[in-house]
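Participant: Predicted coordinates and the sequence they were generated for:
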Amino acid sequence: MKDRQDDVLRVEEALIRHHRGQQPIDTPPLLAQKTVTHLREEWMRQEGRLPNGSRVSGLVWRFAMVTCLIAVLMGAFSVRHDAQTEVQFAEFMMDDASGIEWVQDFGIL
Amino acid sequence: MQELLKDGPQDSEIIARVRNGEVNAFEILVHRYTPAVFGIVSRHAPRDRAEELVQDAFVEAFRSLGSYSHKAPFSHWLSRIALRCCYGFWRSHRRTAEIPMSSLSEESENWMNHLLAARSREAFEAEAARSEAAEVLTYALDRLSPKDRMVLTLVYLEGHSVQEAADLMGWTLVSVKVRSHRSRTKLRKIILDLLDDRRSKR
């Protein structure tokens, strides 16, 4: 039993010696530059400048969703109130006759 | 660049500039500390993952720069981040990899025979320096949990005190003390199993 314990301690000591005696590995010459490049990509991604950055695509996605929602609401309104003309739409949107006159003055309708 | 690294602005000055929005100044710190961080990471993680972990450590350091309080030198703070990146690597590796069941190569089993047969101190040291020792060590460390592995490497293989290991990993002193004892017991059990296996094959 004691011999087995001694053997374990000898192997353990050899492993510790091996670890401590290892020569340090040379740093890859371009590692710092690669790290800087990686960091710059990270900064740009955080600022939403990259075309595929999640922040940009998130904003575009949300804008598209809101636009669709408005279109659906307007469609639902036109079906419900049987709105046929642009003026009827404008009345719904602005709910103000003077507003319609103002819009008509500018030639939008 | 070399002059900038040696005689350039102090770390604290660079950190202040980064905090004031001059993020490019952080690049000086990257060039200054890449060799040190690579040295730490290559001792605590597989060599083929070391470059990736160095990059992760600097990204994490940049993100956490707001919490750096100047209580310890920047290099110490960065070392802690690098070690925690290594710990994170082993945790994710443990989650995704299967438990290693492979046995040692014949060369490594022979290495143990030669090591135990060595009579002189010189012969023992020559055996300890052989590359087969690295295989046995990797085999043993792969069978420990990520926490045990980090504590064993810091305390027994690298010779840090329990207090230093606790500071480096951000764990409590008691936890590291208990874990260092437990991990060494596990290492000895793994070695004992290897020796028994070797005897049964004879």
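Facilitator: Nice, I can see it.
Participant: only C-alpha atoms for contact and neighbour calcs from this point on.
Facilitator: Will do.
Participant: Which single residue of chain B approaches chain A most closely?
Facilitator: Using Cα to the nearest Cα, B:Ala128 is the residue of chain B that sits closest to chain A, at 4.7 Å.
Participant: And that residue, its phi and psi?
Facilitator: The phi and psi values for B:Ala128, taken as degrees, to the nearest 10, are phi -60, psi -30.
Participant: cool, and A:Ile25?
Facilitator: Per degrees, to the nearest 10, the residue geometry at A:Ile25, taken as phi and psi, is phi -80, psi 140.
Participant: for B:Ala123, same thing?
Facilitator: Here is the backbone geometry of B:Ala123 (degrees, to the nearest 10): phi -60, psi -40.
Participant: How many neighbouring residues does the residue of chain B closest to chain A have?
Facilitator: Counted with other Cα atoms under 10 Å in any protein chain shown, the neighbours of B:Ala128 add up to 26.
Participant: Tell me the residues on chain B that lie near chain A, please.
Facilitator: B:27, B:30-31, B:34-35, B:38-39, B:42, B:51, B:54-55, B:58-59, B:112, B:115-116, B:124-125, B:127-130, B:133-134, B:136-137, B:156-158, B:188, B:191-192, B:195 (Cα under 8 Å from any Cα of the partner chain).
Participant: tell me which element residue 80 is part of?
Facilitator: You didn't pick a chain, so chain A it is. A:Arg80 is part of helix A:54-81 when elements are defined by DSSP states H and E.
Participant: meant chain B, my bad for not saying
Facilitator: Assigned by DSSP H and E, B:Arg80 belongs to helix B:74-96.
Participant: wait, what's in contact with the residue nearest to the spatial centre of chain B?
Facilitator: Of all residues in chain B, the one closest to the mean position by Cα atoms, centre = their mean is B:His44, 2.1 Å from it. Contact partners of B:His44, counting by Cα atoms under 8 Å, 6 or more residues apart in numbering or on different chains, are B:Leu83, B:Cys86, B:Met150, B:Thr153.
Participant: 7 Å instead, please
Facilitator: B:His44 makes contact with B:Cys86 under the criterion Cα atoms under 7 Å, 6 or more residues apart in numbering or on different chains.
Participant: again with the one 10 residues further on
Facilitator: When contacts are counted by Cα under 7 Å, 6+ apart, B:Val54 touches B:Val37, B:Phe38, B:Val41.
Participant: Now with 10 Å, please.
Facilitator: Contacts for B:Val54 (Cα atoms under 10 Å, 6 or more residues apart in numbering or on different chains) come out as A:31-32, A:35, B:30, B:34-42, B:60, B:81-82, B:85-86.
Participant: Which residue ranges make up each domain of chain B?
Facilitator: B:11-92, B:101-200 (automatic domain parsing).
Participant: now those in CSV, with mean pLDDT?
Facilitator: Rendered in CSV, the data for those read as follows (pLDDT from 0 to 100):
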stretch, mean pLDDT
domain B:11-92, 93
domain B:101-200, 91
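Participant: In TSV, list those along with distance to A:Phe77.
Facilitator: Formatted as TSV, these follow (distance: least, Cα to Cα, whole Å):
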stretch	distance to A:Phe77
domain B:11-92	49
domain B:101-200	60
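Participant: Which among the ones you listed is found nearest to A:Gly58?
Facilitator: Comparing the domains of chain B against A:Gly58 with Cα to Cα, the closest turns out to be domain B:11-92 (21.7 Å).
Participant: circling back: report the buried members of the residues of chain B next to chain A.
Facilitator: In these, burial by neighbour count holds for B:27, B:30-31, B:34-35, B:38-39, B:42, B:51, B:54-55, B:58-59, B:112, B:115-116, B:124-125, B:127-129, B:133-134, B:136-137, B:156-157, B:188, B:191-192, B:195, counting by 16 or more other Cα atoms under 10 Å in any protein chain shown.
Participant: In helices, which of the residues you listed fall?
Facilitator: Residues of those located in helices (DSSP state H): B:27, B:30-31, B:34-35, B:38-39, B:42, B:51, B:54-55, B:58-59, B:112, B:115-116, B:124-125, B:127-128, B:133-134, B:136-137, B:188, B:191-192, B:195.
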